[in-house]
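curious how this folds, go ahead:
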Amino acid sequence: MQTITNRPPEGPLLWEETIPAGGHWFGVMRRGTALRLTDIEGGANLCALAWNFEERLERQHA
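Down below sits the predicted model:
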């Protein structure tokens, strides 16, 4: 069973970007990399689509 915590990932911050309302972001992340999303103004919504870069039929939509 996996344990979920609210601690930020350890190690250096590799990338930081502020995305405006209605904006989008695309990037390639390696296995084991953590993604942290922070709503700095409140009231945000998120639609995320992730897929395996090497096997495009393997995907997750949340």
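
pLDDT on the lengthiest strand in the chain, on average?
For the chain, the strand that runs over the most residues, judged by DSSP state E, is strand 55-61. Here strand 55-61 scores 77 as its mean pLDDT.

packing partners of the least confident helix or strand in the chain by mean pLDDT?
Every helix and strand in the chain was compared by mean pLDDT, DSSP states H and E; the lowest is strand 55-61, with a mean of 77. Under the contact criterion of 3 or more Cβ pairs under 8 Å, 6 or more residues apart in numbering; DSSP states H and E, strand 55-61 touches strand 49-52. C-beta coordinates here come from the backbone N, C-alpha and C atoms, glycine included.

chain center to the strand it packs on, what's the gap?
Relative to the centre of its chain, strand 49-52 is centred 10 Å away, using Cα atoms, centre = their mean, to the nearest Å.

mind pulling up the pLDDT for the nearest residue to Thr33 once chain neighbours are set aside?
In space, Thr33 comes closest to Leu14 once its chain neighbours are excluded; the distance is 7.5 Å by Cβ to Cβ, 6 or more residues apart in numbering. Looking at Leu14, its pLDDT is 82.
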